[in-house]
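Participant: got a predicted model here, sequence first, then my questions.
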Amino acid sequence: MKDELIDVLDQWGNKTGEVLSKKEVHKRELWHAGAHLWIYNSKGEVLLQHRSPRKVIFPNTWDISVAGHVDSGEISPQTLVREAKEELELTIDPKRLRFIGTTIFDAKLPIGWIHRVFDWTYILQMEIDLALLKFQKTEVDDIRWHLVAEFERDINDPEVYKQYSSRPIYVYQMAITEMKNMLSKTEV
């Protein structure tokens, strides 16, 4: 498989004009763009994916519903459509994505290098029968619906939080807040 080409960003999230392979961007610890999608349903559950132990970044942890690097020339909704299809065999409508903010990750990973990424984050309410999804084993080794309230308790419990990707806690809190807000608007 050919390494993806991605745009290099500056420390403010602007494109520099340089395009490199994902491998090279990571090797040189350069800023780049990612896209996150939190999928939730009308029952107040969030879709979590368990990352494959083969993944370099955050292996063997529970994580965001869909995530990926923004390829050069792509915009984040296009990335999420592509990644949802690749990771879960899931078709999503980009017009239904609700942008909730940009998060910044600039930290040393357990593998030794610094990961520097601006993640454009979205939420989407969608009813999904998990039995119908076919996930890409090199990316995902399990998926589950998890009550948003329980997810919130999990990330606030230091011991349970170890089961999740070690993203800054505000990444999770931002998504939880937005999902809870949207769910409260649909309650009768």
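Facilitator: That came through, no problem.

Participant: this protein: strands as residue ranges?
Facilitator: Taking DSSP state E as the criterion, the chain carries its strands at 5-9, 15-21, 32-40, 45-51, 62-63, 66-69, 98-108, 114-125, 140-147.

Participant: buried residues, the first one. List them.
Facilitator: By neighbour count, with 16 or more other C-beta atoms under 10 Å as the criterion, the buried positions of strand 5-9 are Ile6, Asp7, Val8, Leu9. Where you see a C-beta, it was placed from the backbone N, CA and C, and this is true even at glycine.

Participant: ok so, going back, need the strands of the chain in CSV (columns: distance to Pro158 and mean pLDDT).
Facilitator: Shown next, in CSV, are the strands of the chain (distance: least, C-beta to C-beta, whole Å; pLDDT from 0 to 100):
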stretch, distance to Pro158, mean pLDDT
strand 5-9, 32, 97
strand 15-21, 37, 96
strand 32-40, 22, 97
strand 45-51, 19, 96
strand 62-63, 15, 95
strand 66-69, 23, 94
strand 98-108, 17, 92
strand 114-125, 22, 95
strand 140-147, 18, 95
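
Participant: which one of these lies closest to Pro168?
Facilitator: For the strands of the chain, the distance to Pro168 is smallest for strand 98-108, at 6.7 Å, taking C-beta to C-beta.

Participant: strand 32-40 and the closest one, what's the angle between them?
Facilitator: With axes from the mean of the first three to the mean of the last three C-alpha atoms, to 10 degrees applied, the angle from strand 98-108 to strand 32-40 works out at 130 degrees.

Participant: strand 98-108 pairs with which strands?
Facilitator: According to DSSP bridges, strand 98-108 forms sheet pairs with strand 114-125 (antiparallel).

Participant: distance from the strand it pairs with to the middle of the chain?
Facilitator: On the basis of C-alpha atoms, centre = their mean, to the nearest Å, strand 114-125 is displaced by 6 Å from the centre of the chain it belongs to.

Participant: hang on, the earlier thing: between the buried residues of strand 5-9, which is closest to Ala175?
Facilitator: Leu9 (22.0 Å).

Participant: surely the closest one meets Asp106?
Facilitator: No. Using C-beta atoms under 8 Å, Leu9 makes no contact with Asp106, being 11.6 Å away.
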